[in-house]
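Asks: After the sequence you'll find the predicted model.
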Amino acid sequence: MASGTLTVDLDALVQNWRALGALAGTEAGAVVKADAYGLGVGPVSRALAKAGARSFFVATAEEAATLRRELGDGPTIYIFSGHMAGDTDMIGDLSLVPLLNSIDQLQRHLEALPGTPFGVQLDTGMNRLGMEPAEWAALRDLALAQGPSLIMSHLSSADEPQSAMNALQLRVFKDMTDGLDVPRSLAATGGTLLGPDYHFDLVRPGVGLYGGAPYKEGLPVAYLELPVVQVRDVEAGESVGYNMGYVARQPRRVATLSAGYADGLIRALSGKAKLYYGQRECALLGRVSMDLITVDITHLPEVPASLTLLGRQQGVDTLATAAGTIGYEILTSLGARYTRRYSGG
Ligand SMILES: *Cc1c(COP(=O)(O)O)cnc(C)c1O
């Protein structure tokens, strides 16, 4: 028996992608790094390509190589980490497009793969990846002479619309790129929601495609059902799970479900998460184990075959908040043991 069934609604995914593109009024790419945020890069990216997506973004050359095998020739595949030492053959052979982050990467690319496409990533204040203003000022004539296919940067605080950092980064990005005849991209999901000033020629939504905040209007994409392995009645005073993480004050009926922290139900959910039987809420009791969780089903009219952890009743962000984290971490933690089903597409 698998640790439950993870269903990915590819129609909802495609609708979210279309809606974000319509909101931007520009081309919408798709960020499918980390195995499409844990939901499966093959089915996700094929569904988006079939719907018309032409620009895909991943973190590393290895991810880009996997994606090229899934998509075949045609779509543009950008690599956020740029052109790293050792990546040259993959980039060249598979026509991948590195987003060059530094003078070293620019030199490496122009020497190793002259005449092949590249983009440029600028650092407008996040101090994580990309060329800083002074570096760009020194390199830009050289870079522009080679005809980059995209110039992009990334916002640090786009999920906080009131943050002054957004306008600051926008101004730095414009100062670094206004007047250049190269397509530009600044917005991920959060930036897409900040309005037209942030849209430029291409938006790069990731989490919003998968039904996560800050795109609150997005449709849910991930559904997770966990099977009940065993049910027992515990008496008042008995404990449940490791370290007596839950002690019953009254008699309780407890279901043990097949899925644990090795399946992405991070241990910080212990004692905090809710599961659902239809609309009925069931509390997770005590500690999350590696492969199992225990849930209070005392109030249910029958013993369920399974309970819902992700669905219409509860999305990734609600679950994430219970654990003190963000939807991105819940999604990308979902493990390999689930039976995966893809609907639509
Ligand atoms: C991950 C990432 C994105 C997508 O961000 P979301 O918040 O998931 O939409 C876009 N651009 C860059 C550079 C990223 O690292």
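Replies: Arrived safely, thanks for sending.
Asks: which residue sits closest to the spatially most central residue of the chain in space, ignoring its chain neighbours?
Replies: Most central in the chain under C-alpha atoms, centre = their mean is residue 37, positioned 3.5 Å from the mean C-alpha point. The shortest distance from residue 37 to any non-neighbouring residue, by C-beta to C-beta, 6 or more residues apart in numbering, is to residue 331 (4.5 Å). Bear in mind the C-beta positions are built from the backbone N, C-alpha and C, glycine included.
Asks: Count the neighbours of the one you found for me.
Replies: By other C-beta atoms under 10 Å, 27 other residues sit near residue 331.
Asks: Got the confidence number for it?
Replies: Looking at residue 331, its pLDDT is 97.
Asks: What's the separation between the residue nearest to the centre of the chain and residue 27?
Replies: 20 Å (C-beta to C-beta, to the nearest Å).
Asks: How much space separates whichever residue of the stretch 201-345 of the chain sits closest to the ligand from residue 187?
Replies: Residue nearest to the ligand within the stretch 201-345 of the chain: residue 206 (2.6 Å; C-beta to the nearest ligand atom). Distance, residue 206 to residue 187, by C-beta to C-beta: 11 Å.
Asks: joint contacts of the two?
Replies: Both residue 206 and residue 187 lack any common contact, where contact means C-beta atoms under 8 Å, 6 or more residues apart in numbering.
Asks: which one of the two has more residues nearby?
Replies: More crowded of residue 206 and residue 187, by other C-beta under 10 Å: residue 187, with 28 against 20.
Asks: before we move on, back to that, for the residue nearest to residue 37, give me its contacts.
Replies: Shown in contact with residue 331 (C-beta under 8 Å, 6+ apart): 37-39, 207, 210, 212, 222, 316.
Asks: Looking at those, which one is closest to residue 251?
Replies: residue 316 (33.7 Å; C-beta to C-beta).
Asks: show me the contacts for that closest one.
Replies: For residue 316, counting by C-beta under 8 Å, 6+ apart, the contacting residues are 210-212, 222, 310, 327, 330-331.
Asks: same thing with residue 198?
Replies: Taking C-beta under 8 Å, 6+ apart as the test, what residue 198 contacts is 155, 158, 166, 170, 186-187, 191-192.
Asks: Tell me which two of the residues you listed sit farthest apart.
Replies: 170 and 192 (13.3 Å).
Asks: neighbour count winner among these two?
Replies: residue 192 (24 against 21).
Asks: I'd say the residue nearest to the centre of the chain and residue 208 touch.
Replies: No. Look at residue 37 against residue 208 with C-beta atoms under 8 Å: they stay out of range, at 10.4 Å.
Asks: Count the residues that sit near residue 141.
Replies: 8.
Asks: Residue 71 too?
Replies: 20.
Asks: ok, it touching residue 49?
Replies: Yes. In terms of C-beta under 8 Å, residue 71 counts as a neighbour of residue 49; the distance is 5.6 Å.
Asks: any residues in contact with both of these two?
Replies: With C-beta under 8 Å, 6+ apart, residue 71 and residue 49 have common neighbours residue 56.
Asks: Enumerate every residue touching residue 280.
Replies: 299-300.
Asks: swap in residue 334?
Replies: Counted by C-beta under 8 Å, 6+ apart, residue 334 has contacts 6, 38-39, 222, 224, 263-264.
Asks: try 6 Å
Replies: 38, 264 (C-beta atoms under 6 Å, 6 or more residues apart in numbering).
Asks: quick one, phi/psi of it?
Replies: phi -50, psi 130 (degrees, to the nearest 10).
Asks: got it, and residue 5?
Replies: phi -120, psi 120.
Asks: all numbers from here: first residue = 10
Replies: Got it, first residue is 10 now, which makes that one residue 14.
Asks: Go ahead and confirm it touches residue 234.
Replies: Yes. At 4.8 Å, residue 14 counts as touching residue 234 under the criterion of C-beta atoms under 6 Å.
Asks: These two - which one has more neighbours?
Replies: Higher neighbour count among residue 14 and residue 234: residue 234, with 22 against 15, using other C-beta under 10 Å.
Asks: mind checking the backbone torsions on the more buried one?
Replies: The phi/psi pair for residue 234 (degrees, to the nearest 10) is phi -110, psi 130.
Asks: would a markdown table of the contacts of residue 340 with secondary structure and pLDDT be doable?
Replies: Shown next, in a markdown table, are those (DSSP: H, G, I helix; E, B strand; the rest coil; pLDDT from 0 to 100):
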| residue | secondary structure | pLDDT |
| --- | --- | --- |
| 46 | helix | 98 |
| 47 | coil | 98 |
| 48 | coil | 98 |
| 216 | helix | 98 |
| 219 | helix | 98 |
| 221 | coil | 97 |
| 231 | strand | 98 |
| 325 | helix | 96 |
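Asks: Which one (most neighbours) among those?
Replies: Among the contacts of residue 340, residue 219 has the most neighbours (other C-beta under 10 Å), with 30 neighbours.
Asks: got a list of what that residue touches?
Replies: 46, 230.
Asks: and if we set it to 10 Å?
Replies: Residues counted as contacts of residue 219 (C-beta atoms under 10 Å, 6 or more residues apart in numbering) are 17, 21-22, 25, 40-41, 45-48, 53, 198, 227-231, 325, 336-337, 340-341.
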